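In: need coordinates for the following:
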Amino acid sequence: MTPREFILYADESVERGARFSNFFGGLLISSRDRSLVVSLLEAEKQRLHLHGEVKWQKVSLNYLDKYQHLTSLFLDLVRDGKARLRILFTDNSDHPDCLTALNFRGRYLLLYLAFIEHAFDIACRSPRAEPVRLRILLDQLPVPADDKRAFRQRLYRLNSGPVFRSGNVRVFPGDIGEVDSRDHVLLQCLDVVLGAMQSAMNSPGHRSSGNRSLARSHLSAHILRLVRSIHPDFQMEVTTPVASGEEWACCYRHLLYGPEGIET
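Out: Below is the predicted model of the structure:
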């Protein structure tokens with residue numbers, strides 16, 4: 001049987017924030033849905049005259065309305081089950097012990113590995129589900145080539161671990177790559193949501209001054225409203241609760257990586 005295929009787009013935001021740090025975001029999408037979703041988002045960018053790369057760092061008052069329209073479509077597609085979005089982060093006041101002695105590269109890659117293994121609740125797929133092939137597309141990694149090779153090997157070893165075996169998921173040789181977000185509208189939209197969440201979580205109630213800060217504050221609030229249309233009681237700063245048996249199908253979720261690992 002030929003496995004179904006999912007593509008995991010992954011990105012990271014800031015290493016250290018005022019209250020929360022080590023933000024990682026991912027978008028999981030079926031290969032059957034990707035063409036439609038990409039076409040819709042690219043068409044919306046064209047309609048809005050957003051001809052360059054969309055990024056959180058480029059948000060301004062002049063483009064605020066355009067970014068709000070694009071993120072509305074993006075999160076509508078997530079809400080409708082066309083893609084699943086996850087954000088992982090750490091709390092500075094409750095730092096995981098396993099990260100304390102690590103340098104940036106070690107901490108970054110350890111969290112990235114944990115994110116890919118656990119964030120989408122792969123182990124919660126039905127044990128009778130058909131096998132699925134997983135392709136992993138990472139935004140360009142800020143580490144040396146030797147670390148990248150070692151990281152890919154650790155990702156491939158997830159095939160023999162309990163999570164991927166339970167979920168009947170497999171990553172084949174050649175299925176892990178780095179991509180340029182300029183060429184991938186899904187990574188661009190993910191970057192905006194990830195940036196909005198880390199900004200809102202690290203400066204709650206902050207009264208912005210300056211046009212760019214004001215635009216980002218408005219966009220963060222807009223994105224938070226969209227997420228709360230999915231989860232009415234959504235709280236940014238904790239692991240999003242999900243009913244037992246619905247973890248794999250959940251379309252949007254935050255995960256706090258605590259001292260005991262990813263809390264579920």
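In: can we go C-alpha only for contacts and neighbour counts from here?
Out: Will do.
In: can you show me the helices along the stretch 51-200 of the chain?
Out: Using DSSP state H, counting those that start in this stretch, the helices of the stretch 51-200 of the chain run over residues 64-79, 97-100, 104-118, 145-157, 162-167, 185-202.
In: tally of neighbours for Ile122?
Out: Other residues within reach of Ile122, judged by other CA atoms under 10 Å, total 20.
In: which residue, neighbours along the chain excluded, lies closest to it?
Out: Across the structure, with CA to CA, 6 or more residues apart in numbering as the measure, the residue nearest Ile122 apart from its sequence neighbours is Gly167 (5.2 Å).
In: what ranges of this structure fall below the confidence cut-off?
Out: Low-confidence segments of the chain, defined by pLDDT under 70, span residues 1-3, 14, 101, 205-209, 260-264.
In: Met8 falls within a helix, correct?
Out: Wrong residue type there; residue 8 is Leu, not Met. No: with DSSP: H, G, I helix; E, B strand; the rest coil as the criterion, Leu8 is strand rather than part of a helix.
In: that one: what's it in contact with?
Out: Taking CA atoms under 8 Å, 6 or more residues apart in numbering, we find Leu8 in contact with 26-29, 134-137.
In: surely Arg216 touches Lys58?
Out: No: distance between Arg216 and Lys58: 9.4 Å, which falls outside the contact criterion (CA atoms under 8 Å).
In: more neighbours, the two?
Out: For Arg216 versus Lys58, neighbours defined as other CA under 10 Å are more numerous around Arg216 (24 against 13).
In: now the more buried one, nearest residue through space, not along the chain?
Out: Setting aside the residues directly before and after it, Arg216 is nearest to Val59 in space (CA to CA, 6+ apart), at 6.3 Å.
In: could you look up the next helix or strand downstream of the top strand by length along the chain?
Out: As far as residue count goes, and with DSSP state E defining each element, the longest strand of the chain is strand 20-30. On the C-terminal side of strand 20-30, the nearest following helix or strand under DSSP states H and E is helix 31-47.
In: from the chain's centre, how far out does that following helix sit?
Out: Relative to the centre of its chain, helix 31-47 is centred 18 Å away, using CA atoms, centre = their mean, to the nearest Å.
In: that helix - contacts with which helices or strands?
Out: The elements that helix 31-47 packs onto, with contact taken as 3 or more CA pairs under 8 Å, 6 or more residues apart in numbering; DSSP states H and E, are strand 4-12, helix 64-79, helix 185-202.
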